[in-house]
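Enquirer: structure, please.
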Amino acid sequence: MKRTKIKELLTSTKTGSEILVKGWVRTKRGNRNIAFIALNDGSTINNIQVVVDAVKFDENLLKDITTGSCIAVKGKLVESQGQGQHVEVDASEIELYGKSDAESYPLQKKGHSMEFLRENAHLRFRTNTFGAVFRIRHAMAYAIHKYFNDKGFYYLHTPIITGSDCEGAGEMFHVTTLDLKNIPRNDDGNIDFKTDFYGKETHLTVSGQLEGELGALALGEIYTFGPTFRAENSNTPRHLSEFWMIEPEMAFYNLDDNMDLAEEFVKYLIKYALENCREDLEFLNNMIEKGLLERLNFVLNNEFIRMTYTEAVSILTGSSRKWEYPVGWGRDLQAEHERYLVEEHFKRPVILTDYPKEIKAFYMKQNDDGKTVRAMDVLFPGIGEIIGGSQREENYDKLLSRIREMKMPEKDLWWYLDTRKFGTAPHSGFGLGFERLILFVTGMSNIRDVIPFPRTPKNAEF
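Expert: Numbers count the residues shown, from 1 in each chain. This next block holds a predicted model:
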């Protein structure tokens, strides 16, 4: 007999049919005569109730069916006599696949702290909260590919190991096969990377953007979606050292086109979640963040405010709010400033543009004022910046001048500069941190709880 998923059974109208269901026991209750097993197989946040007539089964088998154990049940799908579900399974056969020691199983029927669940990340998928989060994460990944595919974008696989630093930040993980106990050095005392695997210094990528631009300047519109890495010693609820990024790059797009795409993109994803993850979102709305569904609809139903960084600084300095971090032209905005603009001043999402060039990356197109660049940041309620992007500098001389001004190694960026020598074109792009998106969509408060196995300073478990 073929197994039926619980998600299908709970919406089935075929009562009286013989079925086979498999899953993990959430709870078992009852008495000597009858047992009620709540079974979950991960296909839905809801359990199906299995009714067991104790007389028909071996007593030792029923004793071994405890919270966390895995079983297969054959039986009849019948109308439920209890509340909460319209069908249940009247068990005729039970096979115990895997026992679960009742005393040592970490996920007992009680509330667990998020910190405790992070320490047991290998099992936290089985909780209602994390089942919901990771089903939504899957749905968002699918929706991202669907959105770009339907718009005619090409999915480009950019390298994870790279010899360039996209952001010029220097906070990168080294990739090497050198013997760390006997590191070869040049006459000047520096590490001799010529003997390393790639013959040069290499790192884990911080972004696929620069390589993505190469694809866009031939294929027109591309996107990347892959892991990125930052060796940044940040122990905050908003930072990971390994995370996933979505980075579209588009030839012939200016900054306005870029903003239009970013707004359409995130609204598409939120709409997809609301239409396809309703039960999980309703659970998270009830258990994690009471206003989650309201907040998602708020973003979906409002046009984003668009304004310059200079205008935003004027609003912030003119407010009566006392800031933890000082506000002033030329300073980067912090989350408290961004959230004030979104949640209190405008009460809708905001896209800020035209930032001072000194606080932005080398590749952003310079404005005629000589002071600002054609950057854009999309700001959301509860989270601050969720998307960062810009129109890219297509002028060879201006780009080279900026690289030299920031003392970046020209020899490592020759290939990037080449695209400005051979048929350059206006182009734009942005980056969306996937985990920040999942934070927003799920209402979770810590980024460690929206990625299966978080990588943070001093933590690389599982």
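Enquirer: please count neighbours and contacts with C-alpha atoms only from this point.
Expert: Fine.
Enquirer: where do the domain boundaries of this structure fall?
Expert: Taking automatic domain parsing as the reference, the chain has its domains at 6-105, 126-170+206-449.
Enquirer: tabulate the ones you listed in a markdown table, adding columns for mean neighbour count and distance to G111.
Expert: Output for the domains of the chain, formatted as a markdown table (neighbours: other CA atoms under 10 Å; distance: least, CA to CA, whole Å):
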| stretch | mean neighbour count | distance to G111 |
| --- | --- | --- |
| domain 6-105 | 17 | 13 |
| domain 126-170+206-449 | 18 | 10 |
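Enquirer: for the ones you listed, which one sits closest to T177?
Expert: T177 lies closest, by CA to CA, to one member of the domains of the chain: domain 126-170+206-449, at 13.0 Å.
Enquirer: can you give me phi and psi for E93?
Expert: phi -140, psi 140 (degrees, to the nearest 10).
Enquirer: show me what it is bridged to.
Expert: K74 (DSSP bridges).
Enquirer: my read: it touches K76, true?
Expert: No - here E93 lies out of contact with K76, judged by CA atoms under 8 Å, at a distance of 10.2 Å.
Enquirer: N459: which of the domains of the chain is closest?
Expert: Using CA to CA, those put domain 126-170+206-449 closest to N459, at 9.8 Å.
Enquirer: quick one, what contacts the nearest residue to V55 once chain neighbours are set aside?
Expert: Nearest residue to V55 in three dimensions, chain neighbours excluded: N33, at 6.6 Å (CA to CA, 6 or more residues apart in numbering). Applying CA atoms under 8 Å, 6 or more residues apart in numbering, we find N33 in contact with D53, A54, V55.
Enquirer: turn those into JSON lines, columns for distance to S207.
Expert: Below are the contacts of N33 laid out as JSON lines (distance: CA to CA, whole Å):
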{"residue": "D53", "distance to S207": "58"}
{"residue": "A54", "distance to S207": "58"}
{"residue": "V55", "distance to S207": "62"}
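Enquirer: Y325 versus the closest residue to R448 other than its chain neighbours, what's the distance?
Expert: Using CA to CA, 6+ apart and skipping residues adjacent in sequence, the residue nearest R448 is P454, 5.3 Å away. Noted for P454: a distance of 28 Å to Y325, by CA to CA, to the nearest Å.
Enquirer: pull the contacting residues for R331.
Expert: With CA under 8 Å, 6+ apart, R331 has these contacts: I359.
Enquirer: which secondary structure element is home to F134?
Expert: Here F134, judged by DSSP states H and E, is contained in helix 128-150.
Enquirer: packing partners of that helix?
Expert: helix 255-276, helix 278-287, helix 434-442 (3 or more CA pairs under 8 Å, 6 or more residues apart in numbering; DSSP states H and E).
Enquirer: adjacent strands (with direction) for the next helix or strand after it?
Expert: Downstream of helix 128-150, the first helix or strand assigned by DSSP H and E is strand 154-155. Partner strands for strand 154-155, per DSSP bridges, with pairing direction: strand 221-229 (parallel).
Enquirer: could you give the mean pLDDT of the strand it pairs with?
Expert: Strand 221-229 comes out with an average pLDDT of 97.
Enquirer: numbering from 43 from now on, please.
Expert: Okay, using 43 as the starting number, the last item reads as strand 263-271.
Enquirer: who are the packing partners of the next helix or strand after that strand?
Expert: Using DSSP H and E, the helix or strand that follows strand 263-271 in sequence is strand 284-293. Strand 284-293 is packed against helix 251-261, strand 263-271, strand 469-475, helix 476-484, with contacts defined by 3+ CA pairs under 8 Å, 6+ apart.
Enquirer: can you redo the ones you listed as a markdown table with distance to Q127?
Expert: Shown next, in a markdown table, are those (distance: least, CA to CA, whole Å):
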| stretch | distance to Q127 |
| --- | --- |
| helix 251-261 | 49 |
| strand 263-271 | 39 |
| strand 469-475 | 38 |
| helix 476-484 | 25 |
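Enquirer: and those: which comes nearest P279?
Expert: Comparing those by CA to CA, helix 476-484 comes nearest, at 10.2 Å.
Enquirer: just to revisit the earlier point, any chance of the contacts of N75 in JSON lines, plus secondary structure and distance to W456?
Expert: Formatted as JSON lines, these follow (DSSP: H, G, I helix; E, B strand; the rest coil; distance: CA to CA, whole Å):
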{"residue": "D95", "secondary structure": "strand", "distance to W456": "74"}
{"residue": "A96", "secondary structure": "helix", "distance to W456": "75"}
{"residue": "V97", "secondary structure": "helix", "distance to W456": "78"}
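Enquirer: could these go into a markdown table alongside pLDDT and distance to E130?
Expert: Shown next, in a markdown table, are the contacts of N75 (pLDDT from 0 to 100; distance: CA to CA, whole Å):
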| residue | pLDDT | distance to E130 |
| --- | --- | --- |
| D95 | 97 | 13 |
| A96 | 95 | 16 |
| V97 | 94 | 19 |
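Enquirer: for G231, state which of those residues is nearest.
Expert: The nearest one, if we look at the contacts of N75 relative to G231 and count by CA to CA, is A96, at 76.5 Å.
Enquirer: and the helices and strands packed on strand 284-293: which comes nearest H379?
Expert: helix 476-484 (17.7 Å).
Enquirer: centre of the chain versus that closest one, how much separation?
Expert: Chain-centre distance of helix 476-484: 5 Å, with CA atoms, centre = their mean, to the nearest Å.
Enquirer: isn't the residue nearest to R490 up against L282?
Expert: Yes - between P496 and L282 there is a contact under CA under 8 Å: 6.9 Å.
Enquirer: so what's E427 closest to, chain neighbours aside?
Expert: L421 (4.4 Å).
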